[in-house]
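1. show me the folded form of this:
(2 chains)
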Amino acid sequence: MTATRDRSTEARSERTPRPAPALRRILAHAGLETRVLLSNGEQLTVAVALPAMVLIGLWLLPLGRLEGVAAVDTAVAATFATALISTSFTSQAILTGFDRRNGVLRWVATTPLGRSGYLAGKILATLTTHVLQVVVLGLIALIIGWRPELLGLAAMVPVWLIGTVAFGALGMLVAGTLRTEAVLAVSNLLFVLMVAAGGVAFPASTYPRILSGLVDLLPSGALGELLRACLASGSFSIGSVVVLLAWAVGGTLAVIRWFRWTDS
Amino acid sequence: MVRAMDHHSPALVADDLTLSYGSVRALDGLSLTAERGAVTALLGSNGAGKTTAISCATGLLRPDAGTVRVLGADPWRSSPEHRARVGVMIQDGGLASGASAMQLLRYGASLHADPLDVVEVAEHLGIDTFGRTLVRRLSGGQRQRLALALAIIGRPDLVFLDEPTAGMDPSIRRRVRELIRGLARTGTAVVLTTHLMDDVVGLADAVRVISHGRVLASGSVQDVISSHRSADGALVLQATATGVDPRVAPALEADLRAAAARHGAQLEITSGGAADLESVLLDLMDQEHPSAPGPDPVGPAASVTAPSEQELR
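-> Coordinates of the predicted model:
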């Protein structure tokens, strides 16, 4: 028995199990996350259907408009902000919260992917979903008369990336600190509040003065203002850039400090 | 030279591990080893410290004190290269609920450079019969099989299996045991936790009996079983009344004698060095009325009731 074991052990020593290359691992995880997100009816509703409703609603109703700007332009800016928050914040909070409860985060930490690979794959999955959202929502917007300027679209990219980091970090913070049931409630509630009353659907300038200053300091307010500046000829505010950056950095630091990988 | 030493030293060496959750001491000086090409079973009741020990060995928890080396490395600082050599099946599955079984198995394989054939593994464990089903709709036993497949898909040198056969029906359980034996035959070190004696006899090469965060008995399966038997071959349960409220001790002892008799075991009351009356009784009652779904009824030998240190010597 011992001799047999020695021989088989020697046989194994000729080949050491190796991890797949880092990029392949991250792409594999991003692919899985994207497929899971897009095949989930509820997540798809949050990612595409709700932003599409915002687009049609703001296009048809005289709400959230800027003087001298086409209704469809302000509607698209608000829609893209809604889409970003839905995926980076709400969907990721819910998916990560369930992953944490189901022990996925523990298992992942023991695989060649590891925690850093899991996070990298998650960011890539979020960005991939964003691209799909922009394509679908952009097509709807084109049908109802949106005529984007290339410069505005290009200016939107860095805003989009900073926004993804800021809201992704906040989503992870909710997922990594609260019980799963609370994650569902809090992420959905905050999503509705940020879109309806946080400077996304309606510019901060349309709020009563006492509230507009507060909205300017919210990540949703800053994102809404910056996307309106890029896509709807709104006024570009360096203050909004600073606010969004501060939420991105602060949120990331908070995740590093408080995120718990296990449910216990 | 380093590789040669690496392949002849034990796959797992844990030395004097302690770890507390607040005021609860989960590991209390636990030391154990696991050899390559062998199945090492960590046997103990719920809360004995088995899962905590595995969590330390897989880098999920950092012990408060003591050292643990897995394939010669510190698991707390493990690299992707190290983790590729270690397969892990955690107790609660760790499976993404929104993915299908085959999606998840292919994903697990894609994390490794030279994985096992996904289709073959799926067929062997019967995963192909529910491959397109979402994980959240799988039964407990199906999830166990999928988690096991994910643990072995990378051809690991060492695999940790936390309660690998819990919730499985008998035919699948047999197949899983054959698979685990096969892993050991090809040189893989297998470390499994269980509270089922069935998982130990006929499967494990070595057993470490864990109770209250310590290894109370260690050796071959026969060694450990015989250490729990009296001269006439009857199983012996030991318990101490020390530290038990004297007002309730007689009633506890009467209940424990009745429970031991139901299991065909003898009861010895010691002055120390064993678990207290209430713990032993709860262990037995837990086996008679398991609260968690899945585990089979087991015999008294599966009750890790803290044999005295004198007995273990």
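2. tell me the residues of the stretch 151-264 of chain A that contact chain B?
-> Within the stretch 151-264 of chain A, the residues that sit near chain B (C-beta under 8 Å from any C-beta of the partner chain) are residue A:262. All C-beta atoms are positioned from the backbone trio N, CA, C, and that covers glycine.
3. so, low pLDDT: which residues of the stretch 151-264 of chain A?
-> A:234, A:264 (pLDDT under 70).
4. so does the longest helix seen in chain B get close to chain A?
-> Longest helix in chain B, counting residues (DSSP state H): helix B:170-185. Yes. With C-beta under 8 Å from any C-beta as the measure, helix B:170-185 is seen reaching chain A through B:184, B:185.
5. tell me which residues of that helix are tucked away?
-> Of all the residues in helix B:170-185, those buried under the rule 16 or more other C-beta atoms under 10 Å in any protein chain shown are B:172, B:173, B:176, B:177, B:179, B:180, B:183, B:184.
6. how about those residues in CSV, adding pLDDT?
-> Below are the buried residues of helix B:170-185 laid out as CSV (pLDDT from 0 to 100):
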residue, pLDDT
B:172, 84
B:173, 84
B:176, 89
B:177, 89
B:179, 91
B:180, 93
B:183, 93
B:184, 94
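7. determine which two of the residues you listed are furthest apart.
-> Within those, B:172 and B:184 form the most distant pair, 19.1 Å apart (C-beta to C-beta).
8. what's the burial count for residue 206?
-> This is for chain A. By the measure other C-beta atoms under 10 Å in any protein chain shown, the count of residues near residue A:206 is 15.
9. ah, I was thinking of chain B
-> 21.
10. contacting residues for it?
-> Counting by C-beta atoms under 8 Å, 6 or more residues apart in numbering or on different chains, residue B:206 makes contact with B:34, B:35, B:38, B:39, B:40, B:41, B:218, B:219, B:220, B:221.
11. what do you get if the cut-off is 10 Å, keeping everything else the same?
-> By C-beta atoms under 10 Å, 6 or more residues apart in numbering or on different chains, the contact set of residue B:206 is B:32-35, B:38-42, B:191, B:200, B:218-221, B:223-224.
12. from these, keep the buried residues only.
-> Among the contacts of residue B:206, those buried by neighbour count (16+ other C-beta under 10 Å) are B:32-35, B:38-42, B:191, B:200, B:218, B:221, B:224.
13. where does chain B dip in pLDDT?
-> Scanning chain B with the threshold set as pLDDT under 70 gives B:1-7, B:224-238, B:263-265, B:270-276, B:279-280, B:282-313.
14. measure the closest residue to residue A:155 other than its chain neighbours to residue A:43 for me?
-> Of all residues not flanking residue A:155 in the chain, residue A:230 sits nearest, at 4.4 Å (C-beta to C-beta, 6 or more residues apart in numbering or on different chains). For residue A:230, the distance to residue A:43 (C-beta to C-beta, to the nearest Å) stands at 27 Å.
15. more neighbours: the two, which one.
-> Per other C-beta under 10 Å, whichever of residue A:230 and residue A:43 has more neighbours is residue A:230, with 24 against 21.
16. mind checking which helix or strand that one is in?
-> helix A:219-231 (DSSP states H and E).
17. assign the residue in chain B sticking out farthest from the centre to helix, strand or coil.
-> Here chain B reaches farthest from its C-alpha mean at residue B:247, the gap being 36.2 Å by C-alpha atoms, centre = their mean. Look at residue B:247: counting by DSSP: H, G, I helix; E, B strand; the rest coil, its state is coil.
18. how far away is residue A:164 from chain B?
-> Residue A:164 sits 21 Å away from chain B, taking C-beta to the nearest C-beta, to the nearest Å as the criterion.
19. residue A:222: how many residues sit nearby?
-> 30.
20. do residue A:227 as well
-> Number of residues near residue A:227 (other C-beta under 10 Å) recorded here: 28.
21. same thing with residue A:40?
-> Residues lying near residue A:40 (other C-beta under 10 Å) number 18.
22. measure it to residue B:134 for me?
-> In terms of C-beta to C-beta, residue A:40 sits 10 Å off from residue B:134.
23. give me the common contacts of those two.
-> Shared contacts of residue A:40 and residue B:134, defined by C-beta under 10 Å, 6+ apart, comprise B:97, B:98.
24. tell me which residue is most central in the chain.
-> Using chain A here. Note: chain A centre (C-alpha atoms, centre = their mean) maps to residue A:88, 1.1 Å.
25. oops, I was thinking of chain B
-> residue B:193 (0.6 Å).
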